[in-house]
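Chemist: I need the structure of the sequence given here:
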Amino acid sequence: MEWITLAATCLGALIGVGSTLLAERLRASREESQRRQGLRQQLYADFLAALSRVADDLYALASSPDRNELPVRASEAWRRGDSYPLRYHMTISAPAGMVTASDACFRRLRDFRDVVANGAVSGTPEFRAAQAAYDQSLTRLRELMRTDLGLAG
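Modeler: Got it, this is the predicted structure:
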């Protein structure tokens, strides 16, 4: 009879330890998933903010009566936006579809910069076409980001 008690105790201990280990593993996995999502969300927000800084400066340049040194000023706006490091971070941290969309948006903003640098004034057909192409790619990128973060709906 004593061996049955010992076996039951051992079995109970195994079940208790096993369930504790399983619960701990699930908790750790959930926390890691939340941490990764938080990092992606911060990266996405930083990337969008960098693009926004550049776009805002380009809109201001295209609306400015001062048309001197537009290529230099557009290039400075591009550098101030600090989008290159974040673009590279996206390429190693985001899912493949997100990298494609972020790169497309980055390129449309660069095209927009070139249009402004070449002297396009706000409201002209050339300016509106470049702005629309950028805005469309930005909308697509934000939609993908929201889906990736589980916020679409």
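
Chemist: if I look at Phe112, how far off is Leu144?
Modeler: Computed as CB to CB, to the nearest Å, the Phe112 to Leu144 distance reads 20 Å. Every residue, glycine included, has its C-beta placed from N, CA and C.

Chemist: more crowded one of those two?
Modeler: Counted by other CB atoms under 10 Å, Phe112 and Leu144 do not tie: Phe112 has more neighbours, with 26 against 20.

Chemist: OK, contacts around the more buried one?
Modeler: By CB atoms under 8 Å, 6 or more residues apart in numbering, the residues touching Phe112 are 55, 58, 130-131, 133-134.

Chemist: Have a look at the chain and report its longest helix.
Modeler: For the chain, the helix reaching the highest residue count under DSSP state H is reported as helix 2-63.

Chemist: could you point out which element follows that helix?
Modeler: Later in the chain than helix 2-63, the nearest helix or strand by DSSP states H and E is helix 70-81.

Chemist: Could you give the number of residues near Thr47?
Modeler: For the record, residue 47 is Phe, not Thr. The tally of other residues near Phe47 (other CB under 10 Å) stands at 23.

Chemist: Would you agree it is in contact with Asp103?
Modeler: No. Counting by CB atoms under 8 Å, Phe47 does not reach Asp103; the two are 11.0 Å apart.

Chemist: what is in contact with the two at once?
Modeler: In contact with both Phe47 and Asp103: 87, 90, using CB under 8 Å, 6+ apart.

Chemist: where does the closest residue to Ser75 other than its chain neighbours land on pLDDT?
Modeler: With sequence-adjacent residues excluded and distances taken as CB to CB, 6 or more residues apart in numbering, Ser75 is closest to Ala117, at 7.1 Å. Per-residue pLDDT puts Ala117 at 96.

Chemist: How about the one 3 residues further on?
Modeler: We have a pLDDT of 93 for Ala120.

Chemist: Could you pull up phi and psi at it?
Modeler: Backbone torsions for Ala120, taken as degrees, to the nearest 10, come to phi -60, psi 140.

Chemist: Look at it and say how many residues are nearby.
Modeler: So Ala120, with other CB under 10 Å, has 22 neighbours.
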